[in-house]
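**Q** with the input below, show me the fold.
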Amino acid sequence: MKILFIGIGKMGLPMAQHLAAKGHTVKVIDQDLERIKIGIKNGLIEATSTRDDYLWADYIFSSLPNDEAFLIVADQVEQYAQDKSIYIDTSTISLSASQKVANKLKQKNIPYLRVAVSGNNHMAEAAMLTILASGDKNIYERVFPLLASWGPKQYYLGEQEQARLMKLVVNLLIAQTSAMLAEALTLGRLGNLDWSDMWQVLSNSAVGSPIIKAKSEQLGSSLETRDFSPTFTVHQMLKDLTLIKDAATDLAAPIVQTTMTYHWLQQVIEDGEGDLDYATVIRLLERRAHLATDLN
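**A** All right, here's what the predicted structure looks like:
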């Protein structure tokens, strides 16, 4: 198959590489020339002419940082792609932007599949992402073998924006898990519970979800060695919470706890820690409790 992949950042690059590893010809577009160089070293081909590459492709994939970038690429799909092409977007974007594009591409008879991916860049590299898809079911079934190269768990959720919304539901729970950990661990430290003991109990108790176990591996060995290098930054999580707040407003959904977490992450950024892992919200509550946060 001939695939054009637009946006080869931390998630897009390994996803494009997995497609190439299955024997497909994958051309890539990215504003960052260093990402292009890395892609070429790993079997990808640099696209040379936007119009010609869109016309060439059987499948057009995109992995983009925000609504603005998504709408620009979608306009190019509308202008240049043939109706034989299928457009698959994997970005975390607003429901409204996605629906706007769906309406435009429908008029041009260009099939459009929303594919949200759940997992971080390490999971993308290991082909262990969870795939959430919505759009025309026949198109999903046609694209399924390509999506299967990214991970073993796939869910088709409906004809419209269900995949976008499901991704926001998942990320709401991830953000709230970090907020719950911040409160619980701060409470425990104030009562002289050992840091590593708390993580061991949490990881092996009824609340020991995969995300808690992953954070335990990252942060739980000792206070002196905990690592807040980013798997997903505070800035990235705040962007997703903004999308969640917008969706909640549109759907009249009460998200009081999530709104508080949103304000906590804003404060983390004001404190100069926006490029750290989103779990650094733990340190925000520790500071408020007058606990030491940097012990190494």
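
**Q** Ile211: which element?
**A** Assessed by DSSP states H and E, Ile211 sits inside helix 210-219.

**Q** pull out the buried positions in that helix.
**A** Ile212, Ala214, Lys215, Ser216, Gln218, Leu219 (16 or more other Cβ atoms under 10 Å). The C-beta positions use only the backbone N, C-alpha and C, and glycine is treated the same way.

**Q** same deal with stretch 247-256?
**A** Neighbour-count burial for stretch 247-256 [16+ other Cβ under 10 Å]: Ala247, Ala248, Ile255.

**Q** about what we covered before: and the buried residues of helix 210-219, which is closest to Val101?
**A** The closest of the buried residues of helix 210-219 to Val101 turns out to be Ala214 (Cβ to Cβ; 32.9 Å).

**Q** neighbours around the residue nearest to the closest one when sequence neighbours are not counted, how many?
**A** Closest residue in space to Ala214, ignoring its immediate chain neighbours: Thr231 at 7.9 Å, by Cβ to Cβ, 6 or more residues apart in numbering. Counted with other Cβ atoms under 10 Å, the neighbours of Thr231 add up to 18.

**Q** okay, Thr231: pLDDT?
**A** Note on Thr231: pLDDT of 90.

**Q** residues in contact with it?
**A** Asn120, Asn121, His122, Ala214, Gln218, Asp277 (Cβ atoms under 8 Å, 6 or more residues apart in numbering).

**Q** is Val26 bridged to anything, and to what?
**A** Ile3 (DSSP bridges).

**Q** isn't it up against Ile8?
**A** No: taking contacts as Cβ atoms under 8 Å, Val26 lies outside contact range of Ile8: 9.6 Å.

**Q** between those two, which contacts overlap?
**A** Ala16, Leu44.

**Q** spit out the contact partners of Phe111.
**A** Check again: residue 111 is Pro, not Phe. Asp83, Ser85, Ile86, Tyr87, Leu105, Gly135, Asp136, Ile139.

**Q** so the second one sits against Ala57, correct?
**A** Yes: using Cβ under 8 Å, Ser85 is in contact with Ala57, at 5.6 Å.

**Q** related to what we said a few turns ago, between the contacts of Pro111, which is nearest Ile282?
**A** Of the contacts of Pro111, the one sitting nearest to Ile282 (Cβ to Cβ) turns out to be Gly135, at 38.1 Å.

**Q** quick one: buried residues of the helix or strand hosting Ser196?
**A** Secondary structure from DSSP H and E places Ser196 in helix 195-203. Applying a neighbour-count criterion of 16+ other Cβ under 10 Å, one finds Trp195, Ser196, Met198, Trp199, Leu202, Ser203 buried in helix 195-203.

**Q** the fourth one reaches Gln218, doesn't it?
**A** What it means is Trp199. No: counting by Cβ under 8 Å, Trp199 stays clear of Gln218, with 9.9 Å between them.

**Q** from the contacts of Thr231, pick the one nearest Leu238.
**A** For those, the nearest to Leu238 is Asp277 (12.8 Å; Cβ to Cβ).

**Q** okay, and the beta partners of that closest one?
**A** Here Asp277, judged by DSSP bridges, has bridge partners Thr233.

**Q** next, count neighbours for it.
**A** Other residues close to Asp277 by other Cβ under 10 Å number 22.

**Q** need the contact list for it.
**A** Gln218, Phe228, Ser229, Pro230, Thr231, Phe232, Thr233, Val234.

**Q** contacting residues around the residue lying closest to the last one once chain neighbours are set aside?
**A** By that I understand Val234. The shortest distance from Val234 to any non-neighbouring residue, by Cβ to Cβ, 6+ apart, is to Gly274 (4.6 Å). Listed by Cβ under 8 Å, 6+ apart, the contact partners of Gly274 are Thr233, Val234, His235, Leu238, Val268.
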